[in-house]
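**Q** Just to be clear, the model below is a prediction. Sequence and coordinates:
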Number of protein chains: 2
Amino acid sequence: MDSRRDFLQKFSLGLGVTALAGLPAVAHDINPVSNADKQLRVAILGLGGYANIVAKGMKDCKIAKLTGIITGTPSKIPEWKKKYNIEDKNVYSYDNMHEIKNNPDIDLIYVITPNSLHHKHVLMAAAAGKHVICEKPMADNAKQAREMIAACDKAGVKLYIGYRLHFEPHTKELIRMRKAGEFGKVMHVNNYAGFKIGDPKQWRLRKALAGGGAMMDVGVYSLNGARYCTGEEPIWVTAQESKTDKVKFAEVDETVTFQLGSPGGMIANCGCTYNFNHVEGLKLMGEKGWAEMNPAFGYGPIRGNTHLGPINQPDVTHQAYQMDGIAECILDNKPDPNVSGLEGLKDMIVVDAIYESIRKDGKKIFINKA
Amino acid sequence: MDSRRDFLQKFSLGLGVTALAGLPAVAHDINPVSNADKQLRVAILGLGGYANIVAKGMKDCKIAKLTGIITGTPSKIPEWKKKYNIEDKNVYSYDNMHEIKNNPDIDLIYVITPNSLHHKHVLMAAAAGKHVICEKPMADNAKQAREMIAACDKAGVKLYIGYRLHFEPHTKELIRMRKAGEFGKVMHVNNYAGFKIGDPKQWRLRKALAGGGAMMDVGVYSLNGARYCTGEEPIWVTAQESKTDKVKFAEVDETVTFQLGSPGGMIANCGCTYNFNHVEGLKLMGEKGWAEMNPAFGYGPIRGNTHLGPINQPDVTHQAYQMDGIAECILDNKPDPNVSGLEGLKDMIVVDAIYESIRKDGKKIFINKA
């Protein structure tokens, strides 16, 4: 993770020398994972709805194993212990989670709390000396993302973002085809993600917990999807917000459209919403061919079609593939498929620019020019 | 066409009192069409590629009939006379077309010349005292469009724009469903039109003849489509241009994305291109349902699907239906299905705003607030 190339990249992303000062050229894990039994022991931090999906999905894992939980809600503990066979000694609260440092049953902490708590909880996980996965969106903004990367670097632990689609076979095949040049030069991308959100009282509609609305949550799929459709970083961003329900979406964005301008002159035109259905889809138009995925971003099954025919890949449990995939990266020291903290930061830089463009009535925000 | 409501609408669209001064409350055709044989006799002005498609399509017409031609290229005359049975006395040049005024074999002139000539040729057709259809895009800008409307009003002739899809059965059914509330409130629209353009020497790539590039030509489909998907006029516009080939598209836009903000807070997010394929499609997302059309804007067949199933309508010759439809409007004094000069002007006002937003780096341009 700390190769010279990564270092230079971090530098250009504004991580700067201060954040990295005093680090060795290659960071060493302070709590190295034993490769003997080829198993990565995982504790989930935050036991909400998606944590349950991850925990359930992990039953299909081959090398990642759910061994611990960290929660601020003791009433959830008995059910989790029973459902997922968690031992008492691997159950933590936020108050004593620093003690995980001395627990060999936990190699990695997966932070699955509301968005605006990611920064705090990743810093706590890093302080406990364990590798970290942070669910997307990485943070409220790029500043937090930089601090999270620096904290993990300083603690000598790896940081990944929960970009499960990079482990999903249809998506991987799309990326493989793009890299192989099967679409030719990518000329345009048109991605949408979203749904009509229910309960108006949920945390996703509270700015203090969610950091933002549709853009922060589902919008990150459109955005990350645009980046894996093109393999390029945008050099400018424009964005527009629309709001049809000013009560329900008083604190956060309801529908956002945004455009990413690439160095080569192409545009990815994307959108996301919390207020209507039948919206999801990824569309890549290239000089030589095209791809469409729909569903493109959900928990599965994912479906894709191209100028060469359907993308035929197995339907898998996304969360299991993600967790085993990250376990392999850690245990075998393999490069990750663009799910590092740096990848999260790249998305957050664009998210910052999207919100800035909205505040400035759609005006182009130039980024990544360094 | 000159009802009180239309008058007020023209006023608010900036046609103002000057353009309409001296007109009677209801304009009278100076060359009324005889209803006896229920036939509308049409002369085509400009004998290029699309003129041929219209002429050929009109062979399927029931009440519109191609009787004349107006051309600046005498070499084209023999073939047209032969192919479409045009009598010598109904063949005109730009120099003598004012004499059409006295020709009872011609009721209407269909202007099918390069975009930037529409203004001039519509004014000439109006001066000849004949009703006019002007191919889309109506003009280079809203100023020209206003002058064209004023000229036709002054001459007492009707002015229509070649929006053939408003006569196309699948599109008409989509509009009917939207008006009937079958989609509920329209929450979002995502329309694209375009193709990879061939010959780099064609007039469509010359600013002086085309007025603009993809936006002027195919972009008008996305835009007009957004207006018939919503039934609303945008109150603001943002737009972005991308250019990957600065040689071929030195004079005109290659790919444009644009967003239309509605009074109710929804956004139509649209695009158009001259530089890639597999792009066409119309997508309407409503509170209660959705519609997708693909192909949506071509000469047919048009295909549509909705939450209630496929749009089952006959495939027709678009140009024949358009010409018979307009003939009916004129002969029976029926209201037209949103293909009047005013509708053209509404699109041109948005096109102006799109180019203005592009010049201003994507900044929101407010329109139609009067």
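**A** Arrived safely, thanks for sending. Numbers count the residues shown, from 1 in each chain, chains lettered A, B, ... in the order given.
**Q** Correct me if wrong: A:F195 contacts A:V279.
**A** Yes. Using Cβ atoms under 8 Å, A:F195 makes contact with A:V279 at a distance of 7.2 Å. Glycine gets a C-beta too; all of them are placed from N, C-alpha and C.
**Q** neighbour-wise, which of the two wins?
**A** A:V279 (23 against 18; other Cβ atoms under 10 Å in any protein chain shown).
**Q** can you state the direction angle for the helix or strand hosting A:Q259 and strand B:255-261?
**A** Using DSSP states H and E, A:Q259 sits in strand A:255-261. Computed by axes from the mean of the first three to the mean of the last three Cα atoms, to 10 degrees, the angle separating strand A:255-261 from strand B:255-261 equals 160 degrees.
**Q** Which strands or helices does strand A:255-261 pack on?
**A** helix A:219-230, strand A:236-242, strand A:267-273, helix A:341-359, strand B:236-242, strand B:267-273 (3 or more Cβ pairs under 8 Å, 6 or more residues apart in numbering or on different chains; DSSP states H and E).
**Q** still on that earlier bit, any residues in contact with both of A:F195 and A:V279?
**A** A:T273 (Cβ atoms under 8 Å, 6 or more residues apart in numbering or on different chains).
**Q** ok, now how distant is A:K82 from chain B?
**A** From A:K82 across to chain B, the span is 42 Å (Cβ to the nearest Cβ, to the nearest Å).
**Q** And stretch A:226-233, what's buried?
**A** Judged by neighbour count using 16 or more other Cβ atoms under 10 Å in any protein chain shown, the buried positions of stretch A:226-233 are A:A226, A:R227, A:Y228, A:C229, A:T230, A:E232.
**Q** Heading C-terminal from the helix or strand bottoming out on mean pLDDT in chain A, find the next helix or strand.
**A** When each helix and strand of chain A is scored by mean pLDDT, DSSP states H and E, helix A:16-20 comes last, with a mean of 42. Beyond helix A:16-20 on the C-terminal side, the first helix or strand identified by DSSP H and E is strand A:40-45.
**Q** Check the offset of that next one from the chain's centre.
**A** 17 Å (Cα atoms, centre = their mean, to the nearest Å).
**Q** What is it packed up against?
**A** Using 3+ Cβ pairs under 8 Å, 6+ apart, strand A:40-45 sits against helix A:49-57, strand A:64-70, strand A:108-111, helix A:318-331.
**Q** What helices and strands are in contact with the first one?
**A** In this case it means helix A:49-57. By 3+ Cβ pairs under 8 Å, 6+ apart, helix A:49-57 packs against strand A:40-45, helix A:77-84, helix A:318-331.
**Q** let's see it at 10 Å
**A** strand A:40-45, strand A:64-70, helix A:77-84, strand A:108-111, helix A:318-331 (3 or more Cβ pairs under 10 Å, 6 or more residues apart in numbering or on different chains; DSSP states H and E).
**Q** ok so, going back, out of the buried residues of stretch A:226-233, which two sit at the greatest distance?
**A** With Cβ to Cβ as the measure, no two of the buried residues of stretch A:226-233 lie farther apart than A:Y228 and A:E232, at 10.2 Å.
**Q** Where does pLDDT dip in chain A?
**A** Residue ranges of chain A with pLDDT under 70: A:1-36, A:369-370.
**Q** Isn't A:K360 up against B:G362?
**A** Yes. Between A:K360 and B:G362 there is a contact under Cβ atoms under 10 Å: 9.1 Å.
**Q** Compare neighbour counts for those two and give me the winner.
**A** Between A:K360 and B:G362, counting by other Cβ under 10 Å, B:G362 is the more crowded of the two (29 against 16).
**Q** is the residue lying closest to the more buried one once chain neighbours are set aside in a bridge, and if so with what?
**A** Spatially, and ignoring its direct neighbours in sequence, B:G362 is nearest to A:T238 (3.9 Å; Cβ to Cβ, 6 or more residues apart in numbering or on different chains). Beta-bridge partners of A:T238, counted by DSSP bridges, are A:Q259.
**Q** ok, now which ones touch A:T238?
**A** Listed by Cβ atoms under 10 Å, 6 or more residues apart in numbering or on different chains, the contact partners of A:T238 are A:257-261, A:267, A:269, A:353-354, A:357-358, A:360-365, B:238-240, B:257, B:259, B:357, B:361-363.
**Q** how does it look with 6 Å?
**A** A:T238 is in contact with A:Q259, A:S357, A:G362, A:K364, B:Q240, B:G362, counting by Cβ atoms under 6 Å, 6 or more residues apart in numbering or on different chains.
**Q** now do A:A151
**A** Contacts for A:A151 (Cβ under 6 Å, 6+ apart) come out as A:L123, A:A126.
**Q** cool, A:T67 as well?
**A** A:R41, A:N90, A:D105.
**Q** Help me confirm that the last one comes into contact with A:R41.
**A** Yes. A:D105 sits in contact with A:R41 when judged by Cβ atoms under 6 Å, with a separation of 5.5 Å.
**Q** higher neighbour count, the two?
**A** Just comparing A:D105 and A:R41: by other Cβ under 10 Å the higher neighbour count belongs to A:R41, 21 against 14.
**Q** Give me the nearest residue to that one, chain neighbours excluded.
**A** Leaving aside its sequence neighbours, A:R41 is closest to A:T67 (4.3 Å, by Cβ to Cβ, 6+ apart).
**Q** now A:N277
**A** A:K196 (5.2 Å).
**Q** Chain B contacts on the stretch 51-200 of chain A?
**A** Within the stretch 51-200 of chain A, the positions near chain B by Cβ under 6 Å from any Cβ of the partner chain are A:M187.
**Q** the helices in the stretch 51-200 of chain A, which residues?
**A** A:77-84, A:118-127, A:142-155, A:169-179 (DSSP state H, counting those that start in this stretch).
**Q** List the buried residues in stretch A:242-255.
**A** Residues of stretch A:242-255 classed as buried: A:S242, A:K243, A:T244, A:K248, A:F249, A:V252, A:D253, A:E254, A:T255 (neighbour count, 16+ other Cβ under 10 Å).
**Q** ditto for stretch A:115-135
**A** A:115-119, A:121-135.
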